[in-house]
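**Q** Structure of the sequence below:
(2 chains)
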Amino acid sequence: LAKTTQPISMDSYEGQEVNITCSHNNIATNDYITWYQQFPSQGPRFIIQGYKTKVTNEVASLFIPADRKSSTLSLPRVSLSDTAVYYCLVEKNTGKLIFGQGTTLQVKP
Amino acid sequence: DGGITQSPKYLFRKEGQNVTLSCEQNLNHDAMYWYRQDPGQGLRLIYYSQIVNDFQKGDIAEGYSVSREKKESFPLTVTSAQKNPTAFYLCASSIRKDRANYGYTFGSGTRLTVV
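**A** This is a model prediction of the structure:
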């Protein structure tokens, strides 16, 4: 299974752009890269998914280089409510979604 | 609104008892999953089911059991054989199409505490 590696924690201030990078060196051809957000005592929530290049939605952007061995989640102008754990996952068609430890983002005023 | 409902939100269990956590979805999703989350940790897969009347063990299935008699329901039983059951339990579902899974949706979780 493709293993992902991301920083354990990050700090930021309100209004700043936050970039969280994830490495997935053994990603397979048919795999997608997906990011989830989790608040304490809640289930993870889908943020964004991509296969290659760049994807943007109303919440975030996802940058994926040509070799697809890493990806970067970009959160524009974060607020205090963006304080959460962010998980990078490689989705396969095996029927299982494997989570790592995620990145705890702390946004400060 | 479609979604996943987990109940109860909080559950207390005495040592040696079996307890069952409920998970119901009205999203018409084919696949359903159970995860366990311990403090400060990521989610670990307990069991998953891709179709009715079929399920597979995840990474930490020992001490747990499931059933999938209906598409909408995937209850998890935490048995007395589970040595450390205190945790946050999350249920999820996804669409299964062309042998791949899409659109994972999670419930709001059940916090189980052994007293």
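
**Q** How about the residues of chain B by chain A?
**A** Within reach of chain A by Cβ under 8 Å from any Cβ of the partner chain, chain B has these residues: B:4, B:31, B:33, B:35, B:41-45, B:48, B:50, B:56, B:58, B:88, B:90, B:92, B:94, B:96, B:99-101, B:103-109, B:111. All C-beta atoms are positioned from the backbone trio N, CA, C, and that covers glycine.

**Q** Can you select the buried ones from the residues you listed in ChimeraX?
**A** Buried residues within the residues of chain B next to chain A, by 16 or more other Cβ atoms under 10 Å in any protein chain shown, are selected in ChimeraX with:
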select /B:4,31,33,35,42,43,44,45,48,50,58,88,90,92,94,96,101,104,105,106,107,109
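
**Q** Go through the residues of chain B next to chain A and flag which are in helices.
**A** Among the residues of chain B next to chain A, DSSP state H puts none in helices.

**Q** Excluding sequence neighbours, find me the nearest residue to residue B:14.
**A** residue B:115 (6.1 Å; Cβ to Cβ, 6 or more residues apart in numbering or on different chains).

**Q** Next, work out how far apart that neighbour and residue B:85 are.
**A** According to Cβ to Cβ, to the nearest Å, residue B:115 stands 11 Å off from residue B:85.

**Q** residue ranges with poor pLDDT in chain B?
**A** Across chain B, the ranges flagged by pLDDT under 70 are B:1-2, B:97-102.

**Q** ok, now with 80
**A** Across chain B, the ranges flagged by pLDDT under 80 are B:1-2, B:96-103.

**Q** where do the strands sit along it?
**A** Along chain B, counting by DSSP state E, strands occupy B:4-7, B:10-13, B:19-25, B:31-37, B:43-51, B:54-57, B:64-66, B:76-78, B:87-97, B:100-106, B:110-114.

**Q** buried ones in the third one?
**A** If I follow you right, that is strand B:19-25. By 16+ other Cβ under 10 Å, the buried positions in strand B:19-25 come out as B:19, B:21, B:23, B:24, B:25.
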